[in-house]
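Chemist: Predicted coordinates and the sequence they were generated for:
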Amino acid sequence: MKLSTSLLALAACGLGTVAAAQNANHFFAERHSMVRGPYVEFAERVAEETKGDVNFTVFAGGSLLPPAASLQGVRDGVAQVTYHAGTYTPSELPVANLIGNFAFYNTDPMVMAFASTEFGLTNEAALAEWKDNGVVFGGGYSTSEYYMMCNTPVATYEDIQGKRLRMAGGAWSRFAEHVGAVPVSIPSSEMYTGLDTGSLDCAVAAADALDSFSLSDVVTHLNMLAVGNYYAGFEWGYNPTFWQGLSQESRDVLFDQMAYYLAQHRVEFDKDVEKAVSAAKEGGLEVFEPDQALKDALAEFVKADEAVLIENAKSRGIENPEALLEDYKRIVDRWAELLADVDHTDTDALAALAKAEIFDKLDRANYGMN
């Protein structure tokens, strides 16, 4: 994978400028819950609390780096912090993609956001992979649950046969094939066009896309089968030179603000889903609960796909993927228990839990420093 010529020129010819820059990159639009809190507000709070030592300029909507280039872009110093969707770089991030494709194990987005963050910050194989790719992992995320948003009625197992479903690749594409549908792997930015032109029957994504990607204009039906959620990669990945050049006090601010916005974005994401679905229903969107045959097919797929994940991981050079999945299951189950009695709309309580159970347990003085 290569950066565009202009970005390579920026990295190569303007090294002094790039090194001095403090660029924050995200390919979602600024109004999206994963940007407006964890990037726009985050940058403002970090600048204030570090007294300007860390003062990010936020580039949203892919204006600095296109989605597939964000991993290389942060490594090369074009961005000092970026979001990265891990399925764009399966060869570079086999561990992250193994874990990211395990999205059907528990579909509670809060659990998966916290669990993926803890795993990325603590698992030795994950930490080695981040380092090999020139990134300091700061924290994870999770979308809300993925649903089928369609321009034709899809309520039953029979309905889904032959339907062209936009999928995020990996396990999602395998699920489509398992239920007799046709997976189409395209970026989220192309969902609207696909549905509008008829090259897609359904887009499988978080339902905030009804608003954030204007899918309510081209979608008539919503199937509430929870088809996993997406958390591959990272919400914050830092350039190592930038990270290591900060004072310990500034890194502590980043740790604390990531704990807060890990929780905040999850609360806001679910709110956005509720608002988008409610508005779309008022506009005539028809909502279906999946029939039992479709639910049974999903359960069968989840059970069978773990073996596929393990084989795929081995083919990408991971020596013991079974152990990685067991460690991840342990962390997911831990967070399911920790979050069981916590109000999933209480940002402060959730953030305090993330800080106490994840970020405060790190060796902050040494994390990411070698």
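Modeler: Received it, and whenever you're ready, just let me know what you need.
Chemist: mind listing the strands for the protein?
Modeler: For the chain, applying DSSP state E gives strands covering 23-25, 57-59, 81-85, 136-139, 146-150, 164-167, 182-185, 202-206, 221-223, 233-238, 286-288.
Chemist: The last one pairs with which strands?
Modeler: It refers to strand 286-288. Take DSSP bridges as the rule and strand 286-288 pairs in its sheet with strand 221-223 (parallel).
Chemist: Quick one: residues in contact with the strand it pairs with.
Modeler: The contact list for strand 221-223 (CB atoms under 8 Å, 6 or more residues apart in numbering) reads 147-155, 202, 207, 210, 277, 280, 285-288, 290, 294. From N, CA and C alone the C-beta is placed, and that goes for glycine too.
Chemist: So for this structure, the centremost residue is which one?
Modeler: Closest to where the C-alpha atoms of the chain average out (CA atoms, centre = their mean) is residue 231, at 3.3 Å.
Chemist: any idea how far it lies from residue 145?
Modeler: Using CB to CB, to the nearest Å, one gets 12 Å for the distance from residue 231 to residue 145.
Chemist: so who does residue 294 touch?
Modeler: By CB under 8 Å, 6+ apart, the contact set of residue 294 is 156, 157, 160, 179, 223, 225.
Chemist: cutoff 7 Å now
Modeler: Taking CB atoms under 7 Å, 6 or more residues apart in numbering, we find residue 294 in contact with 156, 157, 160, 179, 225.
Chemist: Out of those residues, who's the most crowded?
Modeler: Neighbour counts for the contacts of residue 294, by other CB atoms under 10 Å, peak at residue 160, which reaches 25 neighbours.
Chemist: Confirm for me that that one is in contact with residue 177.
Modeler: No: Residue 160 is not in contact with residue 177 according to CB atoms under 7 Å; the separation is 11.3 Å.
Chemist: Just put the strands of the chain in a markdown table and tack on mean neighbour count.
Modeler: A markdown table is the format used below for the strands of the chain (neighbours: other CB atoms under 10 Å):
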| stretch | mean neighbour count |
| --- | --- |
| strand 23-25 | 25 |
| strand 57-59 | 17 |
| strand 81-85 | 28 |
| strand 136-139 | 25 |
| strand 146-150 | 27 |
| strand 164-167 | 23 |
| strand 182-185 | 17 |
| strand 202-206 | 28 |
| strand 221-223 | 22 |
| strand 233-238 | 27 |
| strand 286-288 | 16 |
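Chemist: Could you export those strands as CSV, including mean pLDDT and distance to residue 71?
Modeler: Supplementary listing: the strands of the chain in CSV, determined by pLDDT from 0 to 100; distance: least, CB to CB, whole Å:
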stretch, mean pLDDT, distance to residue 71
strand 23-25, 98, 11
strand 57-59, 98, 16
strand 81-85, 97, 5
strand 136-139, 98, 11
strand 146-150, 97, 23
strand 164-167, 97, 21
strand 182-185, 95, 18
strand 202-206, 96, 21
strand 221-223, 97, 33
strand 233-238, 98, 7
strand 286-288, 95, 37
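Chemist: Quick one: closest of those to residue 340.
Modeler: Residue 340 sits nearest to strand 136-139 of all these, at 21.9 Å, using CB to CB.
Chemist: and that closest one, which strands flank it?
Modeler: Strand pairing for strand 136-139, determined by DSSP bridges: strand 233-238 (antiparallel).
Chemist: ok and the partner strand relative to strand 81-85, angle-wise?
Modeler: Using axes from the mean of the first three to the mean of the last three CA atoms, to 10 degrees, the direction of strand 233-238 lies 160 degrees away from that of strand 81-85.
Chemist: Could you identify the longest helix within this structure?
Modeler: For the chain, the helix with the greatest residue count under DSSP state H is helix 248-282.
Chemist: and that helix, which residues are buried?
Modeler: By neighbour count on 16 or more other CB atoms under 10 Å, the buried set for helix 248-282 is 250-270, 272-273, 276-277, 280.
Chemist: One more: stretch 173-182?
Modeler: Under the neighbour-count criterion of 16+ other CB under 10 Å, stretch 173-182 has 173, 174, 175, 176, 178, 179, 181 buried.
Chemist: Can I get that stretch in CSV? Just the C-alpha atoms.
Modeler: Taking C-alpha atoms only, stretch 173-182 is exported to CSV below (Å, rounded to 0.1, in the frame of the first residue of the first chain):
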residue,chain,number,x,y,z
SER,A,173,-18.6,-11.0,4.0
ARG,A,174,-18.5,-14.6,5.2
PHE,A,175,-21.8,-14.2,7.0
ALA,A,176,-23.4,-12.9,3.8
GLU,A,177,-22.3,-15.9,1.9
HIS,A,178,-23.4,-18.2,4.8
VAL,A,179,-27.0,-16.9,4.5
GLY,A,180,-27.1,-17.0,0.7
ALA,A,181,-26.5,-13.3,0.0
VAL,A,182,-23.8,-11.7,-2.1
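Chemist: Could you list the residues in contact with that stretch?
Modeler: If you take CB under 7 Å, 6+ apart as the criterion, stretch 173-182 is touched by 157, 160-165, 167, 183, 185, 227, 294, 297, 301, 305, 308.
Chemist: Under the pLDDT cut-off, which ranges of the stretch 1-150 of the chain? List them.
Modeler: For the stretch 1-150 of the chain, the stretches flagged by pLDDT under 70 are 1-19.
Chemist: Next, work out how far apart residue 307 and residue 321 are.
Modeler: From residue 307 to residue 321 the distance is 10 Å (CB to CB).
Chemist: out of those two, which sits in the busier spot?
Modeler: residue 321 (21 against 9).
Chemist: Give me the contact list for stretch 154-168.
Modeler: When contacts are defined by CB under 7 Å, 6+ apart, stretch 154-168 is touched by residues 87, 148, 153, 173, 176, 179-186, 191, 194, 199-204, 221, 223, 230, 288, 290-291, 293-294, 297.
Chemist: Not counting residues beside it along the chain, what's closest to residue 212?
Modeler: Among residues not flanking residue 212 along the chain, residue 32 sits closest, at 5.4 Å (CB to CB, 6 or more residues apart in numbering).
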